[in-house]
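Student: Curious how this folds, go ahead:
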Amino acid sequence: MFYIWNNMRSLDDPVCGTVAVRSQRGKLLENTCSGFVVDSRAGYFLTHGTILSEQIEAKSRVFKELQSKSYCTGKQELKLLQLDVEVKLPRNVLSHLKSSSPNIDVSIAPSSAVIEGFHENLCTRFHGKVCSIFSVLPLKHILNKLMPSDNWEFGDDLSNKNKKEKSNSVVFHELLSCFVLIEMFDWIPFHLTFGIKSSSQNAIGDPVEIISTPFGGLNPEVFLNARSSGIISNFAGKGKILLMTDARCVPGSEGGLLLERSSTRCVLGVMIATLCWKNNEWVGLSLACALPDIMSAIEAIPVNVSPTFLSLESKSVSNPVLQQVLHSVPIISVRGSWGSGFTVGTHGNEVILLTCSHVVKDCNYTSARVKWPSGNIYTGKLIYRNHSTPTFDLALLSVKVKSSDIPSTPQMANVQEGEPVFGVGHAIFNEEYDLLASGTSGIVSKVHRIRNTIVMIQTTCAIHAGASGGPVINRQGEVIGVTVCNAKDVTSGASYPHVNMCVPMETVLPIIQQFLQTEDISVLEGLQIQDPFVQGLWGLETGLKGPLIPSKL
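Tutor: Sure thing, here's the model as predicted:
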């Protein structure tokens, strides 16, 4: 094979595709996921480490070397895996090369892979080999801290966890922080430069997009390089290395790219987990590793890879009012459980917080621990909580704070079905992890009215345990509701984060404001709705033996 190029043409978008890895040992072991071309001149493809979760054993030389050196590039060790590797890329990659003959003079006896690729409908196939497996150590450290293997599961079928050997689980968890470099055979070099963005410049609420292939290489003709959009929900680790997003993706999307949804379309990270469970409950967030940290890890291992990218300075495009709300939502802890809250009024240095009754159910009119976004810890005194009816599961706390922590009271707004909203709260992670509140995006899916009074709001934001009491805000930063619960399947125990119920501020705020003005506690009895129809609505009672119950968060 022989080629010469006179001039190289630069492409703006990264070249994404899918990869399948099969065992040569006669076992029916095959994994498939997404990835992208990281070096377009030498023909290297990068994907996520879990693609080798079925091929690497805990006692293998590869795994031991990976644990001791954080990488494995040895030809003998990797050859022992006995793998067939096939990468599929969009056919227009080679079409571009063919049509750019004035710029690239290619003299070549085409390989069978190239010929076959041009005859396929959408994909070009390249056989290849694994040339390196490497770990991103800062990612490994934060995953071990935030998501220990004893109460977190990753994968497409939670029921499989009882079928797998413990050693396989150890391998899978180790590979979560790893990536795989694949050298593609019969590659035609071309020049590709794409922009990447430092994760330190990201902010919660930044709009993002995932480009990946759902179900990997199982049916790329249908799913190749599909897109999904959402926002950055939170981040963790040194330099914000671990990115969490509410953009939806499915198994096989690991190795896909997370991009900034803006005119620059900078690459932010690589997807590492698409389905997660914490304590057997589905977490509706996907995880990515910041791409600059992956590039730094590649530079530290003995491989001849030269990624071509341009580091771009790009300001956060997050909604500024969302940033203000995120920095005003404290975490409320009582006897090991926690929830969220937000300010509905102030008296000097005394802040009145609204939260959910079930968050402070063990408070017994004494105190709750309140951690402000600034990191300051305060004691919250319970003023009121609704413990008589399931409707309007609300409570009020009084907290004396430093003057620097006194927030502005957010504005309230009426709600409309279909309007875009953010859900804000301390979901999933308690105060020991020292994270800001998370943000998720969605719309108001349903507004329930009885006799012209709004009694319930439903949204499609991804809401998880710990978000109870957090505000639901519109794009202007105005509060429309209080997060209370999501739906849960009685039979399987599965929760549905994107089906959740909120107390309407439009209905309860006048009562709360009257209490703040009069300090008459009896005024709050107006929050205890006795209407059996409304109570049945909040209890998800249908008159049938349905599978859903409200799941307190």
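Student: what does the helix or strand hosting E77 rub up against?
Tutor: Element membership for E77 (DSSP states H and E) is helix 75-79. With contact meaning Cβ atoms under 8 Å, 6 or more residues apart in numbering, helix 75-79 is reached by 61-62, 65, 72, 129-133. From N, CA and C alone the C-beta is placed, and that goes for glycine too.
Student: List the ones among the residues you listed that fall in strands.
Tutor: 72, 129-133 (DSSP state E).
Student: Farthest pair within the residues you listed?
Tutor: Using Cβ to Cβ, the ones in strands among the contacts of helix 75-79 reach their maximum pairwise distance at C72 and K129, which is 13.3 Å.
Student: Flag the helix or strand of this protein with the lowest per-element mean pLDDT.
Tutor: helix 112-119 (a mean of 42; mean pLDDT, DSSP states H and E).
Student: Rebuild the contacts of helix 75-79 as TSV, extending it with neighbour count.
Tutor: TSV is the format used below for the contacts of helix 75-79 (neighbours: other Cβ atoms under 10 Å):
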residue	neighbour count
R61	16
V62	19
E65	17
C72	25
K129	16
V130	23
C131	16
S132	21
I133	26
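Student: give the contact list for the residue lying closest to L29 once chain neighbours are set aside.
Tutor: Leaving out its chain neighbours, the residue that sits closest to L29 by Cβ to Cβ, 6 or more residues apart in numbering is S23, at 4.1 Å. Counting by Cβ under 8 Å, 6+ apart, S23 makes contact with 29-30, 54-55, 82-84.
Student: List only buried entries from those.
Tutor: 30, 54-55, 83 (16 or more other Cβ atoms under 10 Å).
Student: quick revisit: got the contacts of S23 as JSON lines, with secondary structure columns?
Tutor: JSON lines is the format used below for these (DSSP: H, G, I helix; E, B strand; the rest coil):
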{"residue": "L29", "secondary structure": "coil"}
{"residue": "E30", "secondary structure": "strand"}
{"residue": "E54", "secondary structure": "coil"}
{"residue": "Q55", "secondary structure": "coil"}
{"residue": "Q82", "secondary structure": "coil"}
{"residue": "L83", "secondary structure": "strand"}
{"residue": "D84", "secondary structure": "strand"}
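Student: quick one, strands of the stretch 201-350 of the chain?
Tutor: 207-212, 226-236, 242-245, 257-260, 267-273, 276-278, 281-283, 286-290, 309-312, 331-334, 337-340, 342-347, 350-356 (DSSP state E, counting those that start in this stretch).
Student: T193: which of those is closest?
Tutor: By Cβ to Cβ (comparing all of the strands of the stretch 201-350 of the chain), the closest turns out to be strand 309-312, at 5.6 Å.
Student: Run through who's touching the closest one.
Tutor: Residues from elsewhere that reach strand 309-312, judged by Cβ under 8 Å, 6+ apart: 193-198, 264, 266-267, 292, 295.
Student: Tell me the spacing between T193 and N225.
Tutor: According to Cβ to Cβ, to the nearest Å, T193 and N225 sit 19 Å apart.
Student: Looking at the two, which one has more neighbours?
Tutor: Per other Cβ atoms under 10 Å, whichever of T193 and N225 has more neighbours is N225, with 20 against 14.
Student: how about the more buried one, what does it touch?
Tutor: Here N225 is in contact with 16-17, 90, 211-213 (criterion: Cβ under 8 Å, 6+ apart).
Student: do that again at 10 Å, thanks
Tutor: 13, 15-18, 34, 36, 89-90, 122, 211-213, 256-257 (Cβ atoms under 10 Å, 6 or more residues apart in numbering).
Student: again with S198
Tutor: Contacts of S198 (Cβ under 10 Å, 6+ apart): 239-240, 266, 268, 290-293, 311-314.
Student: quick one on the thing from earlier: quick one: buried ones out of the contacts of strand 309-312?
Tutor: 194-198, 266-267, 292, 295.
Student: Closest to K400 out of these?
Tutor: S198 (39.3 Å).
Student: I454 - how many residues pack around it?
Tutor: 19.
Student: in the sheet, who's paired with the closest residue to it other than its chain neighbours?
Tutor: Closest residue to I454 apart from its sequence neighbours, by Cβ to Cβ, 6+ apart: P504 at 4.1 Å. Going by DSSP bridges, P504 is paired in beta bridges with G481.
Student: cool, V370 as well?
Tutor: Under the criterion used (DSSP bridges), V370 bridges to I332, Y378.
Student: start at 57 instead
Tutor: Got it, the first residue is 57 from now on, which makes the last one we talked about V426.
Student: how far is stretch 112-121 from where the chain is centred?
Tutor: Offset of stretch 112-121 from its chain centre (Cα atoms, centre = their mean, to the nearest Å): 29 Å.
Student: Sorry, slip of the keys, the one I care about is stretch 396-415.
Tutor: Using Cα atoms, centre = their mean, the offset of stretch 396-415 from its chain centre is 28 Å.
Student: Perfect, I'm done here.
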